[in-house]
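can't give you the sequence, but here's the structure:
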């Protein structure tokens, strides 16, 4: 939960972010600020811009207008070392993207060793400690195809944590999972928020947003239509469009 001083520099600040794909504008002057130790969930229908925003923050997409700052630094400046920025941001996508020919341990230690220059013994010690935290210590030498979907997604989260990221981005990390496996991944994310990780998470899981988020941001057509505490946005939304979206989500049973 956030406890930063009012004048503290936010971990993440998106200012007037615009993103276009050809003639299609997917982000329309998006403003978003995320403070230290804050968990912000992005909600909205498919195509609302949630994933595009996360990809812009991680510099997988270039913005067409606006600025994104990480700890006050303009990371959208073309002179910025994008790889150095990405080392400060952990990302987990809905597809686990684990390397199938590598063990769990090798998947987790690859980036710290090859990109961070960490010695193998040190990287493996840290990886084993992280795996133990998520209940997967005994799976270190297994290959991904020997794990359940929930286990693979937890490994993907551990891999994102291995570089001690300043910010963790989670893009619909439960959408590819069977319903009974969703809970174990959301429990891990809740534990990370309790431990002070700064997180931006795109999700359709309203119960998670209600329980674990400090703030909920509703994106609609590439615009931040509404944002605020979960109890306000989810229980008493201001905009009719927000109410319409939430009613559809509740009807679908994903709440």
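Received the coordinates, thanks. Predicted model only: the values in this text are computed from it and were never measured.

next, the buried residues of stretch 125-132.
126-128, 130-131 (16 or more other CB atoms under 10 Å). C-beta here means a position set from N, CA and C on the backbone, and glycine is covered the same way.

please compute how far it lies from its chain's middle.
21 Å (CA atoms, centre = their mean, to the nearest Å).

one more: stretch 160-179?
Worked out by CA atoms, centre = their mean, stretch 160-179 lies 5 Å from the chain centre.

measure that stretch end to end?
23 Å (CA to CA, to the nearest Å).

pull out the buried residues from that stretch.
160-163, 165-175, 177.

low-confidence stretches in this protein?
Scanning the chain for pLDDT under 70 picks out the ranges 1-7, 252-255.

what about the strands in it?
12-21, 24-34, 39-43, 65-70, 73-74, 89-92, 167-171, 199-202, 215-220, 223-228 (DSSP state E).

could I get these in JSON lines, plus columns for distance to residue 120?
Listed next are the strands of the chain as JSON lines, based on distance: least, CB to CB, whole Å:
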{"stretch": "strand 12-21", "distance to residue 120": "32"}
{"stretch": "strand 24-34", "distance to residue 120": "34"}
{"stretch": "strand 39-43", "distance to residue 120": "33"}
{"stretch": "strand 65-70", "distance to residue 120": "29"}
{"stretch": "strand 73-74", "distance to residue 120": "31"}
{"stretch": "strand 89-92", "distance to residue 120": "21"}
{"stretch": "strand 167-171", "distance to residue 120": "24"}
{"stretch": "strand 199-202", "distance to residue 120": "29"}
{"stretch": "strand 215-220", "distance to residue 120": "40"}
{"stretch": "strand 223-228", "distance to residue 120": "44"}
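
hmm, residue 199 is touching residue 191, no?
No - at 11.3 Å, residue 199 does not count as touching residue 191 under the criterion of CB atoms under 8 Å.

show me which of the two is the more surrounded one.
residue 199 (23 against 13; other CB atoms under 10 Å).

ok, residue 66 - contacts?
Residue 66 makes contact with 14-18, 29-30, 76 under the criterion CB atoms under 8 Å, 6 or more residues apart in numbering.
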